[in-house]
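Student: here is my input, please return the structure:
(chains A, B and C)
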Amino acid sequence: MGITFSDITSSAPLVSLVLFSFLTLIVESWGKDKPVLSYWVSLLGVGVSLALSFGHLGAGIPVFGGMLLQGGFAGYCNLIFLSSAFLTILLSRGYLERMECHRGEFYILILFSTVGMMLMAGALNLITVFLGIELMSVSLYVLAGFMRKKVRSNESALKYFLLGAFATGFLLYGIALIYGTSGTTDLVAISKLFPQLSHNPIFLVGCGLLVVAFSFKIAAVPFHMWAPDVYEGAPTTVSGFMSTGAKAAAFATFLLVFVRVFDIAGTSLSQVIAVIAAASMIVGNVTAVAQTNVKRMLAYSSIAHAGYMLSGIAAANVEGETGILFYLLAYTFVNVGAFGIVSIMERQDDKKLNFEDYEGLSARRPALAVLMTIFMFSLAGIPPFAGFFGKYYVFLAAVKANLTWLAILGVLTSLISVYYYLRLVVLMYFREGDADLDHSVPRRSMIALAIAAISIVVLGLYPSLIVDLTRSFFKI
Amino acid sequence: MDSHAVATGALYGYRNQKSSSTNNFFESSVTLETFLFYTLGAVSVGSALMMVTRRSPVMSALYLILNFFALGGLYLSLHAQFIAFIQILVYAGAIMVLFVFVIMLLNLGDEKKLNERFSWKKIVGAGLSFGVLMELIFVFAFSKANLPPSHFEKATDIGTVENIGMQLFTTFLFPFEVTSVLLLAAIVGAVVLAKKKLN
Amino acid sequence: MELQPYLLLSAITFVIGVVGVLSRRNAIIVFMSIELMLNSVNLSLVAFSAFLGDVTGQMLVFFAMTVAAAEAAIGLAIIISMFRNKQTVNIDDINILKW
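Tutor: Residues are numbered from 1 along each chain as shown, chains lettered A, B, ... in the order given. Coordinates of the predicted model:
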């Protein structure tokens, strides 16, 4: 028992990221008023961890006395979180400098919350799930309120915090009931007991409470009401990070607990999740149409995307699992990129955030307009881009699991979404306007956007690269 | 050790097959535990109700502290000594002091700012609807058949400081390390948000 | 004693906490109601732990307390930073907060 040397080498991406977050903290306390140092150290830390993660995609092995799974599924999810963190750090520096709140603690908190996400994706024990979710959330509460002088940022943090802590109560109650009926918090042991436990109403109540808590974290209807306000008030790059990294982490745990461990295929829990998925698609897409603020539109669109991905969990088959993993990677690049462009367009005091502020952007900033078009096409699910294949795999999985109605609903609501995504493209290209920037875009931000756009195109052209990899995690 | 366990068990009145059938004293001590449970339970429910319905946050905080003490007593009756003391030290002693401290800090200007007008209708409505829901769940789900068989006789050994410490640094070493990162994140976050002047 | 009374007590206080969160407007009292919810779950966990004869439940309580301490520090810091800007802790006064 305890921690051995081989535990540490097998979880190198996680351990190195923790060490780099400590290093960033030390650097930040030494070099007062030099947040640039923290920026470089944190970027290096995420880069090292990302490089190490590529070597940990083989078979998953339990480490730390069966508390954590490293490699395989968890290794792939780490890639998602680390890419999201890497791009967010690149995009944030210029944004925070313009908003006059560039401080090194920002990067430390991004690293801490990424550590929490990695714990969630690799959890083999409900205690690890709980601590991972809390580490991620506590850092995100602070990041949402990072612009201390802005009232909207304060309010966003308070709303996120109160509702997040409320959801923690349900999560803990769910864990307590599952522990009480199964006598253990070890997910492997629970999965062996699941056939007997699935008829125990107390256990099912516990699972229901977990569904509530996870649905809150992924912002699925009816637990979505925080998302638009929090995304709107938080610093824009943080909204991008929350809607990708945090959402991906919650989905990874959702998948791990409800499909891998509890095998909910064909049970009443799968029906409940299917209904939540349907409601999220409808509410997210219909409300997004009415938005005038681009940040809010992206928030409602993220609710809709949570609905699409949930249909893969409701299907609970291998196609659904691989589909969600592909979808999450594609969605991460798309949404970090889209929020990144919004952060470049934004001025102080929440100006230039509306649709009409993008009119005629293509004439003056053609590069930004092209990138935004790629992101919007991918979000809408138009074929050459990665977003299309994500939806395709997830809906295919739903059809295979006899949830055809859910797949049809998904396609229909996607058609609605084309309207508001393409509206932005039309405004940028076919409308006369004076959309422009009063500052030059830093090169590092353009590099981040280019990485995101290239990844989307490559994933769209060669989806089998990822699908073959993810399928290998789920061989029985 | 065994005799000690029997004696403690008798004090708190778990049904020890051997002793309860032979000795009347042990039978009567069953009521002691029941008495403790109902007294502390009533205090905890009462203080919870008072906490939710007080207008002033200071009163709410004081009732919450009372609730935590009642829970600490219940933990002792469940043989969870370590958790009981941590409950008093950390919850009542540290977290609630922080609450009271913040209330005092914000209260400097105008006391009325912290008080609120609230409607009893809302509380009663929410309470009734949610309470009925929980009652339904409880009646249908929490039948004895669905709960695990009782091994209460083992409870005396697991809640000791020795055992908890042992477990914490062997089986649960990894989550223990994770909490250190969590607390560090909380420290950084609290400083970022609440420090009066940055730079 | 049986296990059920403990679980019932825990469920009752949990509901009181939920009602407090849903009906109160003062952010500090809402937060205290959340603490009440977490505490009532802790009672369930300790009771389960005692009746199962298994230590995991008490370890979970230990970790839940750590989390509660971290959340208290962050939550109160958020409340302070908002009070500095708006001179209020009433969630009805928050413009974008409409739930």
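Student: C-alpha coordinates for the helix or strand containing A:Leu298, PDB please?
Tutor: Element membership for A:Leu298, per DSSP states H and E: helix A:294-315. In PDB, the C-alpha atoms belonging to helix A:294-315 read as follows (Å, rounded to 0.1, in the frame of the first residue of the first chain):
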ATOM      1  CA  VAL A 294     -22.300  36.200 -29.000                       C
ATOM      2  CA  LYS A 295     -21.000  34.900 -25.600                       C
ATOM      3  CA  ARG A 296     -24.600  34.000 -24.500                       C
ATOM      4  CA  MET A 297     -25.200  32.300 -27.900                       C
ATOM      5  CA  LEU A 298     -22.200  30.200 -27.400                       C
ATOM      6  CA  ALA A 299     -23.300  29.300 -23.900                       C
ATOM      7  CA  TYR A 300     -26.700  28.100 -25.100                       C
ATOM      8  CA  SER A 301     -25.000  26.300 -28.000                       C
ATOM      9  CA  SER A 302     -22.800  24.500 -25.400                       C
ATOM     10  CA  ILE A 303     -26.000  23.300 -23.600                       C
ATOM     11  CA  ALA A 304     -27.300  22.000 -27.000                       C
ATOM     12  CA  HIS A 305     -23.900  20.200 -27.600                       C
ATOM     13  CA  ALA A 306     -24.100  18.600 -24.100                       C
ATOM     14  CA  GLY A 307     -27.500  17.200 -25.200                       C
ATOM     15  CA  TYR A 308     -26.000  15.700 -28.400                       C
ATOM     16  CA  MET A 309     -23.200  14.100 -26.400                       C
ATOM     17  CA  LEU A 310     -25.600  12.800 -23.700                       C
ATOM     18  CA  SER A 311     -27.400  10.800 -26.400                       C
ATOM     19  CA  GLY A 312     -24.100   8.800 -26.700                       C
ATOM     20  CA  ILE A 313     -24.200   8.100 -23.000                       C
ATOM     21  CA  ALA A 314     -27.900   7.100 -23.100                       C
ATOM     22  CA  ALA A 315     -27.000   4.700 -25.900                       C
END
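Student: low pLDDT regions in chain B?
Tutor: B:1-30, B:108-119, B:139-141, B:198-199 (pLDDT under 70).
Student: what residues does it have near chain A?
Tutor: B:137, B:140-142, B:146-148, B:169-175, B:177-179, B:181-182, B:184-186, B:188-189, B:191-193, B:198-199 (CB under 8 Å from any CB of the partner chain). Using the backbone N, CA and C atoms, a C-beta is placed for each residue, glycine as well.
Student: the same query, at a cut-off of 7 Å, please.
Tutor: Within chain B, the positions adjacent to chain A are B:137, B:140-142, B:146, B:148, B:170-171, B:173-175, B:178-179, B:181-182, B:185-186, B:188-189, B:192-193, B:198-199 by CB under 7 Å from any CB of the partner chain.
Student: buried ones in stretch A:284-291?
Tutor: Neighbour-count burial for stretch A:284-291 flags A:284-285, A:287-288, A:291 (criterion: 16 or more other CB atoms under 10 Å in any protein chain shown).
Student: who's in contact with that stretch?
Tutor: With contact meaning CB atoms under 7 Å, 6 or more residues apart in numbering or on different chains, stretch A:284-291 is reached by A:297, A:300-301, A:303-304, A:307, A:413, A:416-417, A:419-420.
Student: ranges for the helices of chain B?
Tutor: B:2-12, B:17-22, B:24-53, B:57-77, B:81-86, B:96-106, B:120-141, B:155-158, B:161-168, B:173-194 (DSSP state H).
Student: which among the ones you listed is found nearest to C:Phe48?
Tutor: helix B:155-158 (10.9 Å; CB to CB).
Student: does any part of that closest one sit near chain C?
Tutor: Yes. Judged by CB under 7 Å from any CB, helix B:155-158 and chain C are in contact via B:155, B:158.
Student: which elements pack onto that helix?
Tutor: In terms of contacts (3 or more CB pairs under 7 Å, 6 or more residues apart in numbering or on different chains; DSSP states H and E), helix B:155-158 is packed against helix B:2-12.
Student: which of the buried residues of stretch A:284-291 lies closest to chain B?
Tutor: Closest approach between the buried residues of stretch A:284-291 and chain B, by CB to the nearest CB: A:Thr287, at 25.7 Å.
Student: relative to A:Gly122, how far out is the closest residue to B:Leu168 other than its chain neighbours?
Tutor: Using CB to CB, 6 or more residues apart in numbering or on different chains and skipping residues adjacent in sequence, the residue nearest B:Leu168 is B:Phe176, 5.5 Å away. Separation of B:Phe176 from A:Gly122 (CB to CB, to the nearest Å): 17 Å.
Student: rewinding a little: tell me how many other residues surround the residue nearest to B:Leu168.
Tutor: Using other CB atoms under 10 Å in any protein chain shown, B:Phe176 is surrounded by 18 other residues.
Student: which element, helix or strand, includes C:Gly57?
Tutor: C:Gly57 belongs to helix C:56-86, assigned by DSSP H and E.
Student: what distance separates stretch B:51-70 from the centre of its chain?
Tutor: Distance, stretch centre to chain centre, for stretch B:51-70: 14 Å (CA atoms, centre = their mean, to the nearest Å).
Student: any idea how far the residue lying closest to A:Tyr331 once chain neighbours are set aside lies from chain B?
Tutor: Once flanking residues are discounted, A:Tyr331 sits nearest to A:His305: 6.0 Å by CB to CB, 6+ apart. Using CB to the nearest CB, to the nearest Å, A:His305 is found at 28 Å from chain B.
Student: can you pull the contacts of A:Ile218?
Tutor: Contacts of A:Ile218 by CB under 7 Å, 6+ apart are A:247, A:250-251, A:254, A:306.
Student: nearest to C:Ala50, of those?
Tutor: A:Phe254 (31.3 Å).
Student: my read: that closest one touches A:Ala213, true?
Tutor: No. Look at A:Phe254 against A:Ala213 with CB atoms under 7 Å: they stay out of range, at 9.9 Å.
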